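Asker: Structure, please.
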Amino acid sequence: MVAGADIVIENFRPGLLEKLGLGWGELSADNPGLVMLRLSGFGQSGPMAAQPGFGAIGESMGGLRYVTGFADRPPVKTGISIGDSIAALWGVIGTLMALRHKEQQGGAGQVFDVALYEAVFAMMESLVPEFDVFGFVRERTGNIMLGIMPSNTHTTRDGKHVAIGANGDAIFKRLVQAIGRADLADDAQLADNAGRDAQRDELYALIDAWVTAHDEAEVLRELAVGEVPASRVYSVADMFADPQFLARQMIESATLPDGKPFKMPGIVPKLSATPGSTEWIGPTLGQHTDEVLAALGYDAPTISQLRAAATI
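Answerer: Numbers count the residues shown, from 1 in each chain. Okay, the predicted model is just below:
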């Protein structure tokens, strides 16, 4: 739990803070303006509230993992534990909403609840109405999107991977011109996503053939000239050398407490009036333990006893 003057963030299992006498009822009675975020695997209510949960569990229950991967293989994770990050972002959004409400309502605080699985579920596009109205269950489709055509990842002659998103009608015309198939630009059967999706395999075969006949640099150059959205699939090494990342200051330099320099991600989002800067990379483990305990009234001998007993 991280506490500030007006905000408390709690990511323990439901009920734990209440057992410690630090639940919403006790804390809000002491500070009516408190904004409290409770973040857990399954939320503060319901039959699963007391169960433990991690990002992987939230991604699975929230529907993300079911649709991630290829149809002929089991579901896979998205590469990072994105469920935790999504839940954290919803937590930030909720905190800002609560603070804004507090500002407008004479200082009244509130508690709000973010569940990992619900945070992921909230990002699942039109999954629910698709099933409810049409009985359609989304399945794993790899790098393509059914009904959205063409949008896929292709491998170049030099073994690199390029994502191409040309599913806009006008963009598709520019794509076929860029790959030397201008004759397809005026084909009425390919004028919209539905028509193109009906010939998905044939069109992807054409795009694959063109991409595999060229190196990555040439593919990206020709698509840029044709104003077709495309990108290499970046590794972190690519990011370190990329002019766009560098121009936007997305790779920052910092220094560890022992003096060793290292790189870290830059600031997002970029505000015009208050762009911010990284002035502190955070404490070392336990750096402020004595300071916090002293502020709570513990004297030096007691703190020493707690440390000797491995309590802290």
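
Asker: Gly297 and Ala88, how far apart?
Answerer: 32 Å (CB to CB, to the nearest Å). (C-beta placed from N, C-alpha, C; glycine too.)

Asker: So the two - more neighbours on which side?
Answerer: Taking other CB atoms under 10 Å, Gly297 and Ala88 do not tie; Ala88 has more neighbours (18 against 7).

Asker: ok, for the more buried one, nearest residue in space, not its chain neighbours?
Answerer: Leu39 (7.7 Å; CB to CB, 6 or more residues apart in numbering).

Asker: SS state for that neighbour?
Answerer: strand (DSSP: H, G, I helix; E, B strand; the rest coil).

Asker: quick one: it and Gly94 touch, right?
Answerer: No - applying CB atoms under 8 Å, one finds Leu39 not in contact with Gly94, separated by 9.3 Å.

Asker: Compare the two and say which one has the larger neighbour count.
Answerer: More crowded of Leu39 and Gly94, by other CB under 10 Å: Leu39, with 22 against 17.

Asker: pLDDT weak spots in this structure?
Answerer: 1-5, 10-13 (pLDDT under 70).

Asker: Kindly list the longest helix within it.
Answerer: helix 82-104 (DSSP state H).

Asker: quick one: contacts of that helix?
Answerer: 6-7, 9, 33, 35, 37, 39, 54-59, 62, 64, 108-110, 112, 114-117, 119-120, 122-123 (CB atoms under 8 Å, 6 or more residues apart in numbering).

Asker: Among those, which ones are in helices?
Answerer: Gly55, Ala56, Ile57, Gly58, Glu59, Leu116, Tyr117, Ala119, Val120.

Asker: what separates stretch 240-260 from the chain centre, distance-wise?
Answerer: 21 Å (CA atoms, centre = their mean, to the nearest Å).

Asker: Start and end of that stretch, how far apart?
Answerer: 18 Å (CA to CA, to the nearest Å).

Asker: where do the strands sit along this structure?
Answerer: Along the chain, counting by DSSP state E, strands occupy 2-3, 7-10, 35-40, 110-115, 151-155, 161-165, 230-232, 251-255, 261-265.

Asker: which one of those strands is the most hemmed in?
Answerer: strand 35-40 (a mean of 23; mean count of other CB atoms under 10 Å).
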